[in-house]
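Participant: Sequence and predicted structure are below.
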Amino acid sequence: MTAIGTGPVLELEELRVAFGREEVVRGVSLAIAPGECVAIVGESGSGKSVTARSLLGMAGEGARVEAQTLRLAGRDLRDATEREWRGVRGRQAGLVLQDALVALDPLRPIGREIGDALRIHERMPRADRRTRTLEVLADVGMPDPAAAVRRRSGELSGGLRQRALIASALALDPPLVIADEPTTALDATVQARVLDLLGEVRGRGTALLLISHDLAVVARLADRVLVMRDGRVIEQGTVDEVLGAPREPYTRALIAAVPAEVPRGVALSRPEAVATTPGLARVAESAPPTESSAGSPGTAPLLALHGVAKTFPVRGGGRFTAVDDVSLDVRRGETVGLVGESGSGKTTVARLALALTPPDRGVVTLDGEPWSALDERARRPRRARIGAIYQDALSSFDPRWTVGRILADAAGGGPTAEAGPGHPSRATVSRRVAELLDRVGLAGTVAGREPLTLSGGQRQRVAIARALAAAPEILVCDEPVSALDVTIQAQILDLLDELQRERGLAMLFISHDLGVVRHMADRVAVMQAGRLVEAGSAEQVFAAPGHPYTARLVADAPRLVR
């Protein structure tokens, strides 16, 4: 879209942000016209979010912010006081964050959230505030706004929470909206609706600054792109210029790491993408294109769910059916992708497969033998055969333990292990911890660190190492890369692919990201409202979906080429 209006809404020249002696933003300049979307992309730590927050006086405690020009809607904000910044936030610039559940007050109905912004800035009569609140909720496509205003954020789905957050940002009709990772962790259909909504906002003449690590989202929405690395803009131009003909090796590495169109077995990581990450060159270079190692159709399943169903009680009586008559199997050496919208039952299937949740009906078998039907005492000796990798590695670790202790415990030599004959010695466990860290591309010194001191990518590698500690035959991966940068995501996917080829691992790979599943899976199963609606080879399901719901998921997934 061609930008409308005359002068820029935002003018920024030579922005520099430092914390103590460390400069994290180094001379960033940009301008955004009315109705234009400018995107900033880059890995975690590149400075993109600090840049965005500096435009609202929210760089963080102890930040030193300097700029030759910082003008928003014609107002010079270089020397703005905190009181003046409070007048800017909401009225001149709205902010949409990644995690609406955290950004919205869980104790207040969303009508209060929006209404208070109007009361503070406009001093509207109560009746006018309610009218405007209902109006802006209707504008963002909130179903039944009159009922929604009484609901708290925890009572809304992820997509509706994000709509409420966007409504709050738009309530005062600001000339600029800053969207910082607004669709991360949303499934394809919800993501598509949120992007359509942001496109409509932009179409009404609002300037939009988009912060994202998802290049497909950027391709769908942005006019211009700035690529940041180490606090600097290293490349910029139109979307077609930057994503279609990138000049910088780093930008090319970001694009190469997008999994959607890369065939199964082809490495996503490139040497220039991993050059700054010690220990990863071997992982990146050792994944040549190969034939799938998946078991043949006649091979007996390693893990099988037979007609499983699971319901949960709901407040006020009755039960909610999370999984309804699902049959699914995974053979040795193959990856089965499980996709569907939030609330479709994917994670419940994962818990049923791991025997962490008992089915109400049906059974789960492991290598043809009972699994879900056993009591935990009988299951315990076989638990090592099945491992799990979760979306939020940090919450799955004991934050008081070091990485070494976490891995030692998983390898059978930690503080929960019994002492005596038949159990590994301390030296044996230490060697095993070092081997695990090396295998996932982490230095041995990481063993002495606590999870909170690691980056997201490092934590996920530790989670993989923990899952491998007991030498499992199958991994259940529940959204293992959804919160990672595209290059870190690529490295993790390559690592999983290599481990599968080495060890003949089977994987049940659950994700809302269809591009990731298309790259990783041999077969795909699609869930809707607790039921399997389609299953088949990945090539078949993505190229010629047979169910309308699958066709909609595939159509809604953003693509790098527009």
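Facilitator: Received the coordinates, thanks.
Participant: in the stretch 251-400 of the chain, which ranges drop under the pLDDT threshold?
Facilitator: 270-298 (pLDDT under 70).
Participant: can you map out the strands along it?
Facilitator: All strands of the stretch 251-400 of the chain, identified by DSSP state E, counting those that start in this stretch, fall at 303-313, 319-330, 335-339, 361-366, 369-370, 386-389.
Participant: Please work out which of these is packed deepest.
Facilitator: Mean neighbour count (mean count of other C-beta atoms under 10 Å) peaks for strand 335-339 among the strands of the stretch 251-400 of the chain, with a mean of 28. For every residue, glycine as well, the C-beta is placed using N, CA and C.
Participant: circling back to that earlier point, out of the strands of the stretch 251-400 of the chain, which comes closest to Arg71?
Facilitator: Among these, the nearest to Arg71 by C-beta to C-beta is strand 335-339 (45.0 Å).
Participant: what's the longest helix in this structure?
Facilitator: Identified as the longest helix of the chain according to DSSP state H is helix 486-503.
Participant: avg pLDDT for it?
Facilitator: Across helix 486-503, pLDDT averages out at 89.
Participant: how about that helix: buried residues?
Facilitator: 486-501 (16 or more other C-beta atoms under 10 Å).
Participant: what's the following helix or strand after it?
Facilitator: Sequence-wise, the next helix or strand downstream of helix 486-503 (DSSP states H and E) is strand 506-510.
Participant: Which elements pack onto that next one?
Facilitator: Contacts defined by 3 or more C-beta pairs under 8 Å, 6 or more residues apart in numbering; DSSP states H and E place strand 506-510 against strand 319-330, strand 335-339, helix 346-353, strand 474-478, helix 514-520.
Participant: redo that, cut-off 6 Å
Facilitator: Packing contacts for strand 506-510, counted by 3 or more C-beta pairs under 6 Å, 6 or more residues apart in numbering; DSSP states H and E, involve strand 335-339, strand 474-478.
Participant: what angle separates the last one from strand 319-330?
Facilitator: Orientation note: strand 474-478 sits at an angle of 140 degrees relative to strand 319-330 (axes from the mean of the first three to the mean of the last three C-alpha atoms, to 10 degrees).
Participant: strands paired with strand 474-478, and their directions?
Facilitator: strand 386-389 (parallel), strand 506-510 (parallel) (DSSP bridges).
Participant: Output the longest one in PDB with nothing but the alpha carbons.
Facilitator: Translated: strand 506-510. Output of strand 506-510 as PDB, limited to C-alpha atoms (Å, rounded to 0.1, in the frame of the first residue of the first chain):
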ATOM      1  CA  ALA A 506      10.400 -41.700  16.600                       C
ATOM      2  CA  MET A 507       8.800 -38.300  17.200                       C
ATOM      3  CA  LEU A 508       5.300 -37.000  17.800                       C
ATOM      4  CA  PHE A 509       5.700 -33.400  16.900                       C
ATOM      5  CA  ILE A 510       3.000 -31.000  18.000                       C
END
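Participant: and that strand with helix 486-503, angle?
Facilitator: Going by the same axes, to 10 degrees, strand 506-510 makes 150 degrees with helix 486-503.
Participant: what residues does strand 506-510 touch?
Facilitator: 302, 330, 332, 335-338, 346, 350, 474-478, 520 (C-beta atoms under 6 Å, 6 or more residues apart in numbering).
Participant: Tell me which two of those residues sit farthest apart.
Facilitator: Greatest spatial distance in the contacts of strand 506-510: Arg332 and Lys346, 22.4 Å, computed using C-beta to C-beta.
Participant: where in the stretch 401-550 of the chain is pLDDT low?
Facilitator: 413-423.
Participant: switch to 50 and redo it
Facilitator: 416-421 (pLDDT under 50).
Participant: Please enumerate the helices of it.
Facilitator: 403-410, 426-439, 456-468, 486-503, 514-520, 538-543, 548-556 (DSSP state H, counting those that start in this stretch).
Participant: could those be laid out in a markdown table, adding distance to Arg319?
Facilitator: Converted to a markdown table, those look like this (distance: least, C-beta to C-beta, whole Å):
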| stretch | distance to Arg319 |
| --- | --- |
| helix 403-410 | 35 |
| helix 426-439 | 42 |
| helix 456-468 | 32 |
| helix 486-503 | 36 |
| helix 514-520 | 30 |
| helix 538-543 | 31 |
| helix 548-556 | 24 |
